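[1] need a structure here:
(one chain, ligands or ions: 1)
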Amino acid sequence: MAHYQAVGSIPPKRHTQHRRPGRGPKAGELYYEELMGEEGFSSDSSLLYHRNIPSTIVASRVWELPDQSTTPNHPLLPRHLKLHDLFDAKATRAADVVTGRRLVLGNGDVRISYVVAAQPSPWYRNGIGDECVYVERGKASVETVFGSFEVGEGDYVIIPRATTHRWIPKRSTKDPLRAYCIEANSHIAPPKRYLSKYGQLLEHAPYCERDLRQPVGPLLAEDVGADPDEQTDVYIKHRGNGPGGVVGTVHTLPCHPLDVVGWDGCLYPYVFNVRDFEPITGRIHQPPPVHQVFEGWNFVICNFVPRKVDYHPLAIPVPYYHSNVDSDEIMFYVDGDYEARKGSGIGKGSISVHPGGHPHGPQPGATEGSIGVERFDELAVMVDTFRPLDLGEAGLAVDDGVYAMSWSQGLGRPGPGGAGGVHSEG
Ligand SMILES: [Fe+2]
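    The predicted structure follows:
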């Protein structure tokens with residue numbers, strides 16, 4: 001993020017001596033300064049002050065990742081994937097957010113996975129790119145070397161590349177933790193058009209810095225009841241010759257990873273809740289980019305939130321048919337009145353895949369039916385990719401197999417689950 005933060009103990013001048021205070025055996029020892037920087041240290045960075053040398057490992061082994069193989073969407077079809085069918089109660093009890101996530105869709109720029117998790121994750125670092133984890137339901141603590149977050153429904157958790165962290169689901173909530181994981185091969189940031197030339201969010205942006213939650217820290221091993229000197233495994237996802245160019249390694253550290261006594265800079269994890277997104281509305285239908293919330297290399301993330309709709313006297317609130325010729329559109333339906341289509345297709349937990357090259361829009365009858373509607377009660381998260389997405393093993397496992405024909409069934413009356421009904425923009 002562009003705006004500067006300082007947390008914990010840092011010296012007045014960067015790259016100068018910073019020593020342990022107190023009277024213990026380690027008093028007076030130097031802390032170890034680490035510059036964590038993007039784009040070859042030509043972009044955002046932070047300085048972290050460690051108790052231990054951050055390079056130190058005592059062992060290394062292979063982490064066999066869950067199936068990362070993908071299958072092309074060929075012959076080309078729009079698809080309906082039912083994510084809530086992926087994890088039953090037994091699978092949920094065994095899963096954690098890091099090792100349990102299952103690959104739904106992916107390409108060389110971004111991978112979308114899904115998990116319903118009850119277990120604490122191991123310590124983890126994604127060396128391939130930033131992660132945007134959308135919390136669909138449930139609550140969790142996210143502990144990072146920058147500090148901690150308490151996260152819940154509707155939170156986007158943005159974790160920069162190579163940030164060591166872990167997920168600990170809260171068991172006390174009635175809903176298990178459901179996480180929609182968007183893993184970039186790049187960085188994830190607010191749309192550039194909403195930023196000043198120095199990186200401040202501008203007045204026409206649908207959210208601002210006040211809406212972003214910062215890590216609470218510093219967070220040290222003893223703060224989470226751990227021994228600072230305990231050997232700890234860190235699971236690392238990194239570039240390699242596995243399916244999708246993704247492989248895993250486990251490094252064993254001689255001490256606990258929570259050893260940062262202070263940090264400052266503009267690179268750190270943060271959280272944004274979808275309820276803080278102020279929708280941009282107008283007299284006539286607003287173009288899809290008004291729903292954008294973040295972007296990465298070759299993809300964007302949009303959200304469709306409850307809002308008043310178009311108020312021109314002759315307005316048509318549902319979208320026009322559209323061909324997003326450069327993108328695959330992946331809509332994840334989180335909340336809203338999709339129950340009206342019960343038994344027929346799209347509902348909470350569904351993903352619609354509208355691939356580039358296939359025009360799509362309202363189901364038959366929905367355009368006329370939307371006239372006079374004043375408000376949409378929907379919540380959906382969309383990822384649009386500029387390169388085609390292939391199906392992961394989880395996507396193949398929950399493809400309903402009939403969605404592509406939903407526009408043609410019963411011509412002249414609403415088809416089952418046809419894309420883009422009264423409550424769906426995508
Ligand atoms: Fe669309």
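[2] can you give me the helices in this protein?
    Taking DSSP state H, the helices of the chain run over residues 89-94, 366-370, 393-397.
[3] most packed of the ones you listed?
    helix 393-397 (a mean of 19; mean count of other Cβ atoms under 10 Å). All C-beta atoms are positioned from the backbone trio N, CA, C, and that covers glycine.
[4] Just checking, which helix or strand of this structure averages the lowest pLDDT?
    Across the helices and strands of the chain, mean confidence by mean pLDDT, DSSP states H and E is lowest for helix 366-370: a mean of 85.
[5] Quick one: distance of it to the chain centre.
    Mean-position distance between helix 366-370 and its chain equals 32 Å (Cα atoms, centre = their mean, to the nearest Å).
[6] Nearest residue to whichever residue of the stretch 201-350 of the chain sits closest to the ion in space, please, no chain neighbours.
    Nearest residue of the stretch 201-350 of the chain to the ion (Cβ to the ion) works out as residue 329 at 4.6 Å. Leaving aside its sequence neighbours, residue 329 sits nearest to residue 354 (Cβ to Cβ, 6 or more residues apart in numbering; 4.2 Å).
[7] Which residue is the nearest non-sequential neighbour of the residue positioned nearest the centre of the chain?
    Most central in the chain under Cα atoms, centre = their mean is residue 132, positioned 2.3 Å from the mean C-alpha point. Excluding its sequence neighbours, the residue lying closest to residue 132 (Cβ to Cβ, 6+ apart) is residue 182, at 4.3 Å.
[8] distance of the one you found from the ion?
    18 Å (Cβ to the ion, to the nearest Å).
[9] mind checking how far that residue is from residue 237?
    Residue 182 sits 14 Å away from residue 237 when distances are taken as Cβ to Cβ, to the nearest Å.
[10] what residue ranges in the stretch 251-400 of the chain score low on pLDDT?
    In the predicted model of the stretch 251-400 of the chain, residues 338-344 satisfy pLDDT under 70.
[11] wait, what's in contact with residue 146?
    By Cβ atoms under 8 Å, 6 or more residues apart in numbering, the contact list for residue 146 reads 7, 46, 48, 163, 215, 217, 219, 260, 263, 268, 269.
[12] hmm, try it at 7 Å
    163, 215, 217, 263, 268, 269 (Cβ atoms under 7 Å, 6 or more residues apart in numbering).
[13] And it, what's its pLDDT?
    Reported pLDDT at residue 146 in the predicted model: 98.
[14] how far away is the closest residue to residue 84 other than its chain neighbours from residue 229?
    Closest residue in space to residue 84, ignoring its immediate chain neighbours: residue 349 at 3.5 Å, by Cβ to Cβ, 6+ apart. Separation of residue 349 from residue 229 (Cβ to Cβ): 43 Å.
[15] Quick check: bridge partners of the residue nearest to residue 132?
    According to DSSP bridges, the partner residues bridging residue 182 are residue 112, residue 132.
[16] ok, now residue 232?
    Those that pair with residue 232 in a beta bridge, by DSSP bridges, are residue 253.
[17] I'd guessed it sits against residue 253; true?
    Yes: using Cβ atoms under 7 Å, residue 232 makes contact with residue 253 at a distance of 5.0 Å.
[18] so what's the residue nearest to residue 84 up against?
    Contacts of residue 349 by Cβ under 7 Å, 6+ apart are 82, 83, 84, 333.
[19] same check, this time on residue 67
    103, 393.
[20] repeat for the one 5 residues further on
    When the contact criterion is Cβ under 7 Å, 6+ apart, the partners of residue 72 are residue 390.
[21] Any buried residues in stretch 309-323, and which?
    309, 310, 315, 316, 317, 318, 319, 322 (16 or more other Cβ atoms under 10 Å).
[22] So residue 194 is in contact with residue 208, correct?
    No: with contact defined as Cβ under 7 Å, residue 194 does not count as touching residue 208 (9.2 Å).
[23] Mind splitting this structure into its structural domains?
    Per the TED database, the structural domains of the chain span 5-11+28-77+86-273, 278-405.
[24] gap between the first one and the chain center?
    Shown here is domain 5-11+28-77+86-273, whose average C-alpha point lies 10 Å from the average C-alpha point of the whole chain (Cα atoms, centre = their mean).
[25] What of stretch 9-26?
    Between the centre of stretch 9-26 and the centre of its chain there are 36 Å (Cα atoms, centre = their mean).
[26] in it, what counts as buried?
    10, 18.
[27] again with stretch 132-149
    Neighbour counts over stretch 132-149 (16+ other Cβ under 10 Å) mark 132-140, 142-149 as buried.
[28] Taking the stretch 1-150 of the chain, what residue is nearest to the ion?
    Counting by Cβ to the ion, the stretch 1-150 of the chain gets nearest to the ion through residue 78 (10.1 Å).
[29] Next one: that residue from residue 105, what distance?
    For residue 78, the distance to residue 105 equals 13 Å [Cβ to Cβ].
[30] what about the two, which has more around it?
    Higher neighbour count among residue 78 and residue 105: residue 105, with 26 against 20, using other Cβ atoms under 10 Å.
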